[in-house]
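Enquirer: Task: produce atomic coordinates for the following.
(one chain, ligands or ions: 1)
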Amino acid sequence: SLAGFPVGVAVNAGFENNSIINSGSSAQQQAVVFPNFNQMTAGNIMKMGYLHPQENTFTFDQADQFISFANANGIEVHGHTLIWHADYQVPSFMTNYSGDFAAMLKNHVQTIVGHFQGRVVSWDVVNEALADDGQATVDNILCSTLFSQRMGHDFIDQSFINARAIDPQVDLFYNDYNIEAGGQKTANLLALVDGMRSRSVPITGVGFQMHVTIDWPNITAIESSLKAIADRGLKVKISELDVSMKSAYTSFTPEAASRQQQRYHEIIAAYLRAVPPAQRAGITVWGVWDADSWINQPGSPDWPLLFDANFQAKPALQGFKDALVGN
Ligand code: G3I
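Expert: You can find the predicted model right below:
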């Protein structure tokens, strides 16, 4: 890699349309992914509902195939995600679980971490547990979910401890969105992390998803939020980067492309300023090409990624690469 740290991309695999492994667009995806990225994240197939659909059933086939494919092509894998409360990701057996909830969750975490030990470099242990600004909270900072209702902040502490007990090597991340904006949610992130560290919970780092727009958050807030985590000695990952344009553009004009190039450049440059080399867990873009982005919806088009609908490199890729080498 140009960078000296992982440069990653989220991809479809397994059951999904447009799998990078075996779909109509696989060859086109591979042609742009292999030369530009050295890490991949599964956009969906390593979420809890897919890996652990029933209490005593774990389904690892799709993820195993994905990791073998990645490793065979010299690409490492970041695991996403052990725990996420989103309705469509929580296995239904967990929702009304009547047994020992903490023991059940421990088995979930340890079975998955154990299965993938040595084949993923890092895990998002907990995804999106912090309350959004203005939302009701549990323990003052967490959003109210199945997991926080059952266990308070202990669901986070215990999941990191349980993951570390199984795998002494793998990097363990807390991952969230809008924590780069410098508002209440960033303050809550720091409170979460400081609390975990004061209780000796084994967190390696923080994943800043960074689903940003062309003009929000401002770059000063982004840089100081990244730096606040780096200053605590933790690793910093930009884990789901995309730059939405639709708040400002209804079509992807040359001017939009040029502004997006600058936006990618300023974000990567801010990361390099804020995070010392040994703490750089890398930068991952959330999707390969614009037509497949989660933000690009029928009736609400968007152009957030580095490659266009025809798999051609956009100016954004040049901005990304220039920043990596300090140009
Ligand atoms: O595969 C089914 C298909 O059979 C069905 O016909 C179709 C109908 O809706 O759904 C397909 O599954 C979809 C799945 O993506 C596979 O592509 C789900 O509905 C859809 O909800 C799911 O969306 C994903 C979303 O997370 C929810 O898990 C997005 O692709 C993925 O980009 C998005 O990623 C999240 C991160 O995990 C966490 N951070 C935010 C980020 C963006 O929302």
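
Enquirer: all helices for the chain, in order.
Expert: Secondary structure of the chain by DSSP state H: the helices cover 26-36, 48-51, 61-72, 92-95, 101-116, 146-151, 154-166, 184-198, 219-230, 254-274, 315-324.

Enquirer: Up against the ligand, what does this protein have?
Expert: Counting by CB under 6 Å from any ligand atom, the residues of the chain close to the ligand are 15-16, 43-44, 88-89, 127, 209, 240, 294. Any C-beta I mention is one placed from the backbone N, CA and C, and that applies to glycine too.

Enquirer: List buried residues within the residues you listed.
Expert: With neighbours counted by 16 or more other CB atoms under 10 Å, the residues of the chain next to the ligand contain buried members at 16, 43-44, 127, 209, 240.

Enquirer: Could you work out the most separated pair of those residues?
Expert: 16 and 209 (19.6 Å; CB to CB).

Enquirer: related to what we said a few turns ago, ok, which of the helices of the chain comes nearest residue 133?
Expert: Of all the helices of the chain, it is helix 184-198 that lies closest to residue 133, at 4.6 Å by CB to CB.

Enquirer: Tell me the bridge partners for residue 175.
Expert: With DSSP bridges applied, residue 175 shows beta-bridge pairing to residue 127, residue 207.

Enquirer: What residues does it make contact with?
Expert: Counting by CB atoms under 8 Å, 6 or more residues apart in numbering, residue 175 touches 80-81, 124, 126-128, 206-207, 209, 237, 239-240.

Enquirer: The residues you listed, buried ones only, as a ChimeraX selection?
Expert: Selection command for ChimeraX covering only the buried members of the contacts of residue 175, criterion 16+ other CB under 10 Å:
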select :80,81,124,126,127,128,206,207,209,237,239,240
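
Enquirer: of all the contacts of residue 175, which comes closest to residue 162?
Expert: Nearest to residue 162 among those: residue 126, at 11.6 Å, using CB to CB.

Enquirer: what's near enough to touch the nearest residue to residue 224 once chain neighbours are set aside?
Expert: Leaving aside its sequence neighbours, residue 224 sits nearest to residue 182 (CB to CB, 6 or more residues apart in numbering; 6.3 Å). Contacts here follow CB under 8 Å, 6+ apart; on that basis residue 182 touches 217, 220-222, 224-225.

Enquirer: Having no further points to raise, I will conclude here.
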